[in-house]
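J.: sequence first, then the predicted structure:
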Amino acid sequence: TVAAKGITRRETEGARVTWMSCRTYRGPRRKRREVLAGDRLIPQVKGDYPEFVPHAPDGDVAGSIISIMDAVSQVGPQQVVVINQGAQAGLEPGHVLAIFRSGVIVRDDVAGRASGGSYGGLSREVELPHERIGELMVFRAFTNVSYALVMNADRSVYRYDTVGNP
């Protein structure tokens, strides 16, 4: 059953919430979670819950965040993201990856003067290196995508930030 402040519903596979008088659901961790009309109810699967031992992947992994869960444009620590690498790339639950923000392109006006050369008064554009902004841990790996939990982040994490070996 689903219990939400005075509401009890029978557990039915494929059931749909059509009307609720209370919009707050208290989950097992006592976090408040919104339940909306149209949400699907599924029975809780009883089984083994894996223990995650954080570790680096064996091979090189390079991917990007393709979706963010429960947010519009950015996430932070303790939120879930989807990355475009999965079991086919060697990922498994417990793998820790670094999150990188792509380097911006800036105009370099002094490089020619510093080296004694001249660009004829023209500046050149230079891409700054990627900046590490946090870490995430994979908790579910499918063939081509994985779900991961952002463990920590110095800045907001956006869709299309890159991920790689720590």
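T.: Received it, and whenever you're ready, just let me know what you need.
J.: who touches Val75 in this structure?
T.: Ile68, Met69, Val81, Val150, Ser156, Val157 (Cβ atoms under 8 Å, 6 or more residues apart in numbering). The C-beta positions use only the backbone N, C-alpha and C, and glycine is treated the same way.
J.: what is the burial count for Val53?
T.: 7 (other Cβ atoms under 10 Å).
J.: which residues touch it?
T.: Taking Cβ under 8 Å, 6+ apart, we find Val53 in contact with Gly94.
J.: so for it, what's the pLDDT?
T.: Looking at Val53, its pLDDT reads 88.
J.: then Asp109?
T.: For Asp109, pLDDT reads 76.
J.: what about it, neighbour count?
T.: 12.
J.: now Val126
T.: 12.
J.: and it, how far from Tyr158?
T.: 23 Å (Cβ to Cβ, to the nearest Å).
J.: repeat that for Leu36.
T.: As for Leu36, its distance to Tyr158 is 25 Å (criterion: Cβ to Cβ).
J.: so between the two, which is more surrounded?
T.: Neighbour count, other Cβ under 10 Å: between Leu36 and Tyr158, Tyr158 has more, with 17 against 8.
J.: how close does the closest residue to the more buried one other than its chain neighbours get to Phe100?
T.: Nearest residue to Tyr158 in three dimensions, chain neighbours excluded: Gln74, at 5.3 Å (Cβ to Cβ, 6 or more residues apart in numbering). Taking Cβ to Cβ as the measure, Gln74 falls 15 Å from Phe100.
J.: higher neighbour count, those two?
T.: Phe100 (18 against 14).
J.: what are the phi and psi values at Ile99?
T.: Reported as degrees, to the nearest 10, the phi and psi values for Ile99 are phi -110, psi 130.
J.: contacts for the helix or strand encompassing Ala98, please.
T.: Per DSSP states H and E: Ala98 is located in strand 96-101. Contact partners of strand 96-101, identified using Cβ under 8 Å, 6+ apart, comprise 54-57, 61, 63, 65, 83, 130-138, 148, 150-151, 153, 155, 157, 161-166.
J.: thanks a lot, catch you later.
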